[in-house]
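1. build me a model:
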Amino acid sequence: MENKKIVCEGSFQEAAFDKASNIIRGVVLLGPLSKNNREYTRECMQKAVPLFEGRQAFINHPTAEEERTGRRDVRNLAGRFSGIKYAEGKIRGDLSLLPTPAGEIFRGIAESDPAAAGLSSNAHGLWRSESGKQIVEELTEVFSVDLVANPATTKGLFESDGSRGNGPITTGEAANLLLGHNPNADAAITVGRLTDVEKSSAAAALGLTEGGER
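-> Sure, this is the predicted structure:
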């Protein structure tokens, strides 16, 4: 087996937002099944628990330059995960948010529309092919946990496939666009494409006024 890059998927849908401490509790970081036919063994997930402890959370996947240098843009830093555990067949943890624009995006989506975006962890791991599936037997390193817009979904899990159609733009995508981000690098998705309703929903999720101020 080769040690290859793996994208692990998680979600906010089973989490709860603690407003007093600005912590999203019970975030699912990894479950046993992925929509792209990838399966994580129980032993893999149990051994991976310490790898997620203390990992930073960012908006969007790293750029090619960030991948090359290993340094992420601090403006996209949203918080840090702690209290990682394996429970009910999934890896879960608490996300302590920073009082930054990136942290506000996480908070707004978790509070208002947790299905609008998904979590995608950048990791390395060992896997093998079996009966048309990728069986991940071990995660060797977890670099970060990233928030990505419009992932393909399964119940409670998210899988980012790097593409989208021409359907409605989610609150998460609209929020990213209002802040000047385009996580899927799709030139066709622009602020100008947003309807008034989509702009209002995104602004509400970010805590913005109609004039774009907090």
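2. these two touch, right, D94 and G26?
-> Yes - D94 sits in contact with G26 when judged by CB atoms under 8 Å, with a separation of 7.1 Å. For glycine as for every other residue, the C-beta is placed from the backbone atoms N, C-alpha and C.
3. what is in contact with the two at once?
-> Any residue near both D94 and G26 by CB atoms under 8 Å, 6 or more residues apart in numbering counts here, and not one turns up.
4. what helix or strand is L147 on?
-> With elements taken from DSSP states H and E, the one containing L147 is strand 133-149.
5. residues of that strand that come out buried?
-> When neighbours are counted by 16 or more other CB atoms under 10 Å, the buried residues of strand 133-149 are found to be 134-136, 138-139, 142-149.
6. now that strand - C-alpha only, PDB.
-> Once non-C-alpha atoms are left out, strand 133-149 reads as follows in PDB (Å, rounded to 0.1, in the frame of the first residue of the first chain):
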ATOM      1  CA  LYS A 133     -13.900   0.200  -3.200                       C
ATOM      2  CA  GLN A 134     -11.000   2.100  -1.700                       C
ATOM      3  CA  ILE A 135     -10.500   0.600   1.800                       C
ATOM      4  CA  VAL A 136      -8.500   3.100   4.000                       C
ATOM      5  CA  GLU A 137      -6.600   1.200   6.600                       C
ATOM      6  CA  GLU A 138      -4.600   4.000   8.200                       C
ATOM      7  CA  LEU A 139      -4.400   7.800   8.200                       C
ATOM      8  CA  THR A 140      -0.800   8.700   8.600                       C
ATOM      9  CA  GLU A 141      -1.100  12.500   8.900                       C
ATOM     10  CA  VAL A 142      -3.900  15.200   9.000                       C
ATOM     11  CA  PHE A 143      -2.800  18.600   7.900                       C
ATOM     12  CA  SER A 144      -5.900  20.700   8.300                       C
ATOM     13  CA  VAL A 145      -9.700  20.700   8.200                       C
ATOM     14  CA  ASP A 146     -11.200  22.900   5.500                       C
ATOM     15  CA  LEU A 147     -14.700  24.300   4.900                       C
ATOM     16  CA  VAL A 148     -15.800  23.800   1.300                       C
ATOM     17  CA  ALA A 149     -19.000  25.000  -0.400                       C
END
